[in-house]
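>>> Any chance you can model this:
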Amino acid sequence: MNKNLFRASAVAAAAVAFSGVISVSQSASAAQTCSTAVANARIDAMPGIIPEAQLNVPTCVEVLPDNKVRGKATVNWEFINDGQSDMTSKRYTSFKVTTRLESRVPGGTDVVVTSKTCDLTANINAAPMSAFACLTPSATLDPSKQWSGDATVVYDIEGDNKGPITWQLTGSPLMS
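I've put the predicted structure just below:
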C-alpha cells in the first residue's frame, strides 16, 4: 500500500474512532451536537525522527442545564512510538485553537456570539497522547435561533521551516 493511501486510511480510521467516543461521552447534564467530519482529522509529518502526529478535532455546540449554550473544540492527539522515534523533542513551536459559538436566524448567516483562543503548545509538546477541550464562554440560549460550534487551528511544526499552518475545521451541525 502506498504511503499516502495508508495515511488517508489512518486519518479516516481515527475520525471514525473519535466520533464513536464523542457520540457516547456526552455529559448527563448537557446536550451536544458535534461534527465528526473527516476534514477535522489529519496526520502531520514531523522532521527528523519525531513520529507523525495524528490529530482529530471534533467541533461541538453544547446546551448547558442553566439555559446557556457554548461552543467546544476538543483537540485529540497521538504520536505513535515505533520504538525508534524521538518522543521527547519539541514538536510544535505554536499550537492554538480558536473556538467560536455561532448563531443564526433560520435562513440567515452565522454570527459569532463568543469565542476563545486556547494555547495548547505546552500540552501537546508534553504528552505523546492526550486531549484538550477549548470552550467558549457561554451565552444565553435563544430558542428562536440556530446554534453551532466552529473552530480554527493555527500551528507551526518545529523545524519544518514552513511557518504557521491554518486549519479551518468543519463546524458542528446546527442545533435549534
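
>>> The residue lying closest to Ser176 once chain neighbours are set aside pairs with what?
Leaving aside its chain neighbours, Ser176 sits nearest to Gln146 (5.3 Å; criterion: C-beta to C-beta, 6 or more residues apart in numbering). C-betas here are computed from N, CA, C, even on glycine. For Gln146, the beta-bridge partners are Arg104 (DSSP bridges).

>>> ok, now how distant is Gln146 from Ser103?
From Gln146 over to Ser103 the distance is 7 Å, taken as C-beta to C-beta, to the nearest Å.

>>> Those two - which one has more neighbours?
Ser103 (22 against 19; other C-beta atoms under 10 Å).

>>> got a list of what that one touches?
With contacts defined as C-beta atoms under 8 Å, 6 or more residues apart in numbering, Ser103 is in contact with 110-111, 113, 139, 142, 145-148.

>>> Tell me the buried residues within the residues you listed.
113, 145-148 (16 or more other C-beta atoms under 10 Å).

>>> any idea which of these is closest to Pro51?
Nearest to Pro51 among the buried ones among the contacts of Ser103 is Ser148, at 33.7 Å by C-beta to C-beta.

>>> Mind putting the buried ones among the contacts of Ser103 into JSON lines with distance to Ser130 and pLDDT?
As requested, these are exported to JSON lines (distance: C-beta to C-beta, whole Å; pLDDT from 0 to 100):
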{"residue": "Val113", "distance to Ser130": "29", "pLDDT": "98"}
{"residue": "Lys145", "distance to Ser130": "34", "pLDDT": "96"}
{"residue": "Gln146", "distance to Ser130": "32", "pLDDT": "96"}
{"residue": "Trp147", "distance to Ser130": "28", "pLDDT": "97"}
{"residue": "Ser148", "distance to Ser130": "26", "pLDDT": "97"}
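
>>> In JSON lines: those, plus distance to Ile124.
Putting these into JSON lines (distance: C-beta to C-beta, whole Å) gives the following:
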{"residue": "Val113", "distance to Ile124": "27"}
{"residue": "Lys145", "distance to Ile124": "34"}
{"residue": "Gln146", "distance to Ile124": "32"}
{"residue": "Trp147", "distance to Ile124": "28"}
{"residue": "Ser148", "distance to Ile124": "25"}
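
>>> In contact with the residue nearest the centre of the chain, which residues?
The chain has Val57 as the residue nearest its centroid, 2.2 Å off, counting by C-alpha atoms, centre = their mean. Going by C-beta under 8 Å, 6+ apart, Val57 touches 40-41, 73-76, 97, 151, 153, 167, 169.

>>> Just the ones in helices from those residues, please.
If you go by DSSP state H, the contacts of Val57 have nothing in helices.
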